[in-house]
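Participant: coords below, sequence missing:
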């Protein structure tokens with residue numbers, strides 16, 4: 001692997017096309033060093049626009065979806081403005097996020113960027129022992145990243161004090177509202193100082209987001225990811241598809257997709273130099289002829305890589321956007337986005353590298369479940385469909401590999417001089433049936449060309465939750481009901497919650513509380529019945545205890561509730 005670049009590398013992009021580097025944004029040396037060590041080459045569009053504004057102290061309303069680099073867009077300014085050498089003390093920054101997974105992800109990003117500043121970052125979410133959170137808050141933190149329900153619990157306990165806050169960030173605000181956190185957010189902001197910087201990021205801008213911004217942001221600057229349309233008449237002939245996969249299975253899926261697609265040559269785009277080096281090493285370990293290309297390499301190294309790709313001694317190029325600018329490889333057939341691109345225009349540029357001069361090309365994107373919405377944004381911008389394909393199974397892979405063996409044998413039968421091997425076939429045919437001889441030869445050829453092809457494991461199929469609004473009806477007993485859920489094969493349980501319509505509880509409040517405090521996703525929640533004084537929620541049997549424990553440790557509509565397994569009508 002190449003050594004980590006120095007911070008000054010960030011000020012010298014590979015192409016002098018006027019794109020500013022991180023150093024041009026006024027970030028301090030410790031942050032530049034961390035970005036360089038992580039292999040970040042240049043700011044994404046949302047980072048270029050947001051960072052200077054946030055450093056100046058302005059409120060910001062930004063439209064940016066997952067995968068655009070928005071975490072760094074707000075994390076870097078918050079770290080830059082953090083007072084130095086703080087001992088103890090209440091947090092100066094609060095970041096509210098919709099899910100525990102995002103709380104962990106954002107917290108990890110703060111740690112990576114702020115390690116040289118000694119930043120003390122604490123994630124607060126349901127399902128984690130509250131004692132650990134209490135001890136950390138008592139010792140003092142600089143940044144708290146929290147789900148709204150758990151943040152409100154700590155505020156009510158007096159363990160999360162907001163009097164020192166300089167900045168509040170609402171990340172994925174539309175998702176938080178969809179999950180029923182609107183009132184929790186309002187309550188949290190009421191406890192924050194009036195003289196503060198407020199930042200709101202949302203993938204969409206419905207009227208309720210605009211209303212939230214008007215109420216809580218002061219003269220905000222509005223920004224949105226730039227949308228660059230392809231030139232009329234130059235739309236490439238590209239088959240576009242995506243696979244939804246967990247991060248842990250991405251390398252295995254990439255290998256399987258390459259096996260099924262059998263590209264003549266392919267580029268795999270990654271976000272950072274570090275990821276390029278890591279993935280190149282992984283793919284070479286899996287038997288692919290992969291080469292890395294990024295800004296940490298000298299021009300001589302890059303020329304050698306391109307020479308090997310054009311000569312056919314390498315068939316897989318793993319690269320960053322910056323390093324691949326202006327790249328034109330005639331034999332290139334496939335572009336793979338190892339992550340969803342940071343902005344729609346990046347996607348357009350990437351897939352434009354195939355399908356040129358009337359040739360057909362293939363663009364494949366590996367998306368994590370929470371990046372699904374960004375794919376929809378790209379579809380709207382490009383006006384082209386991205387098909388969500390089913391992950392190839394082991395059976396699919398074996399079928400494809402047998403087809404490749406058959407094609408190789410057909411080519412040999414048509415073009416090769418096979419006479420030197422005739423004596424072997426004739427001698428074996430005296431002892432075995434000719435079909436059996438052919439089968440054994442095919443087996444040996446298949447195993448020689450594709451060693452270890454039977455060692456594959458299944459990659460789990462991942463479904464994404466379709467966007468939906470809770471549907472209300474009546475349960476015949478004077479209660480409100482949300483019809484929900486897919487069919488379940490593992491059994492379900494009814495959870496009784498001692499708050500109902502009189503407490504203002506709505507279906508989305510219950511969904512938000514459960515998904516915010518447990519590992520359960522919205523698509524796993526079944527029917528919801530809301531009566532005057534209680535509610536019933538259907539959840540998978542295997543997670544019922546986790547849901548009960550999570551709800552007992554949190555609040556719903558700011559109130560504690562009795563939560564237990566439902567004992568039926570007679571037990572109420």
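Facilitator: Alright, I've got the coordinates. In this text, all values refer to a predicted model and were calculated from it rather than measured experimentally.
Participant: now do the strands in the stretch 51-200 of the chain.
Facilitator: Using DSSP state E, counting those that start in this stretch, the strands found in the stretch 51-200 of the chain span residues 60-63, 93-96, 121-124, 143-146, 167-170, 197-202.
Participant: now what about the fifth one, what contacts it?
Facilitator: Residues external to strand 167-170 that are found in contact with it (Cβ atoms under 8 Å, 6 or more residues apart in numbering): 74, 78, 81, 92-96, 176, 185, 188-189, 192, 196-202, 212. The way it works is simple: take the backbone N, C-alpha and C, and place the C-beta from them, glycine included.
Participant: hmm, back to that, now the strands of the stretch 51-200 of the chain in TSV, with mean pLDDT?
Facilitator: Formatted as TSV, the strands of the stretch 51-200 of the chain follow (pLDDT from 0 to 100):
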stretch	mean pLDDT
strand 60-63	94
strand 93-96	98
strand 121-124	95
strand 143-146	97
strand 167-170	98
strand 197-202	95
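Participant: closest to residue 241 out of those?
Facilitator: The minimum distance between residue 241 and the strands of the stretch 51-200 of the chain falls on strand 60-63, with 26.2 Å, by Cβ to Cβ.
Participant: touching the closest one from outside, list them.
Facilitator: So strand 60-63 is in contact with 46, 49-50, 53-54, 70, 73, 199-205, 213, 217, 220-225, going by Cβ under 8 Å, 6+ apart.
Participant: if you set the cut-off to 10 Å instead, what comes out?
Facilitator: 46, 49-50, 53-54, 68, 70, 73-74, 77, 169-171, 173-174, 197-205, 209-210, 212-214, 217, 220-225, 377 (Cβ atoms under 10 Å, 6 or more residues apart in numbering).
Participant: related to what we said a few turns ago, among the strands of the stretch 51-200 of the chain, which comes closest to residue 403?
Facilitator: Evaluated over those, closeness to residue 403 peaks at strand 60-63, with 45.3 Å, by Cβ to Cβ.
Participant: any idea how far the longest helix along the chain is from the middle of the chain?
Facilitator: Criterion DSSP state H: the longest helix present in the chain is helix 394-415. On the basis of Cα atoms, centre = their mean, to the nearest Å, helix 394-415 sits 35 Å off its chain's mean C-alpha point.
Participant: show me what that helix is packed against.
Facilitator: helix 250-261, helix 434-449 (3 or more Cβ pairs under 10 Å, 6 or more residues apart in numbering; DSSP states H and E).
Participant: mean pLDDT lowest for which of the ones you listed?
Facilitator: Note on these: helix 434-449 shows the lowest mean pLDDT, a mean of 82.
Participant: quick one: that helix to chain centroid distance?
Facilitator: Computed by Cα atoms, centre = their mean, the chain-centroid distance of helix 434-449 equals 44 Å.
Participant: how about it: buried residues?
Facilitator: Judged by neighbour count (16 or more other Cβ atoms under 10 Å), helix 434-449 contains these buried residues: 437, 446.
Participant: before we move on, what about stretch 363-377?
Facilitator: So for stretch 363-377, counting by 16+ other Cβ under 10 Å, buried means 363-368, 370-375, 377.
Participant: tell me which two in those residues are the farthest apart.
Facilitator: Distance extremes for the buried residues of stretch 363-377: the farthest pair is 363 and 370 at 20.9 Å, using Cβ to Cβ.
Participant: what residue spans form the domains of this protein?
Facilitator: Here the domain parsing of the chain from automatic domain parsing is 44-224, 238-394, 396-449, 472-571.
Participant: and the second one, how far out from the chain's middle?
Facilitator: On the basis of Cα atoms, centre = their mean, the separation between the geometric centre of domain 238-394 and that of its chain is 16 Å.
Participant: show the end-to-end separation of it, please.
Facilitator: 26 Å (Cα to Cα, to the nearest Å).
Participant: find the nearest non-adjacent residue to residue 322, please.
Facilitator: Using Cβ to Cβ, 6 or more residues apart in numbering and skipping the chain neighbours, the partner closest in space to residue 322 is residue 41 (4.5 Å).
Participant: I figured the one you found hits residue 271, correct?
Facilitator: Yes - counting by Cβ atoms under 10 Å, residue 41 touches residue 271, with 9.1 Å between them.
Participant: have a look at these two and say which one is more surrounded.
Facilitator: Relative neighbour count places residue 41 above the other of residue 41 and residue 271, with 26 against 22, counting by other Cβ atoms under 10 Å.
Participant: for that one, give me the pLDDT.
Facilitator: 79.
Participant: now swap in the one 4 residues further on and tell me
Facilitator: Residue 45 carries a pLDDT score of 88 in this model.
Participant: same deal with residue 2?
Facilitator: Looking at residue 2, its pLDDT is 36.
Participant: same thing with the one 3 residues further on?
Facilitator: Residue 5 is assigned a pLDDT of 34 by the prediction.
Participant: residues in contact with residue 443?
Facilitator: Going by Cβ under 10 Å, 6+ apart, residue 443 touches residue 405.
Participant: at 8 Å instead, please
Facilitator: With Cβ under 8 Å, 6+ apart, residue 443 has no contacts at all.
Participant: any idea how many residues pack against residue 29?
Facilitator: Residue 29 has 10 neighbouring residues, counting by other Cβ under 10 Å.
Participant: mind checking how far it is from residue 36?
Facilitator: 10 Å (Cβ to Cβ, to the nearest Å).
Participant: show me where the stretch 51-200 of the chain has helices.
Facilitator: Secondary structure of the stretch 51-200 of the chain (DSSP state H, counting those that start in this stretch): helices at 70-80, 100-114, 130-139, 148-157, 173-178, 182-191.
Participant: mind putting the ones you listed into TSV with mean pLDDT, mean neighbour count and distance to residue 457?
Facilitator: TSV is the format used below for those (pLDDT from 0 to 100; neighbours: other Cβ atoms under 10 Å; distance: least, Cβ to Cβ, whole Å):
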stretch	mean pLDDT	mean neighbour count	distance to residue 457
helix 70-80	95	26	32
helix 100-114	90	20	24
helix 130-139	90	14	35
helix 148-157	93	22	36
helix 173-178	86	23	33
helix 182-191	94	18	41
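Participant: pLDDT wise, what is residue 478 at?
Facilitator: Looking at residue 478, its pLDDT stands at 42.
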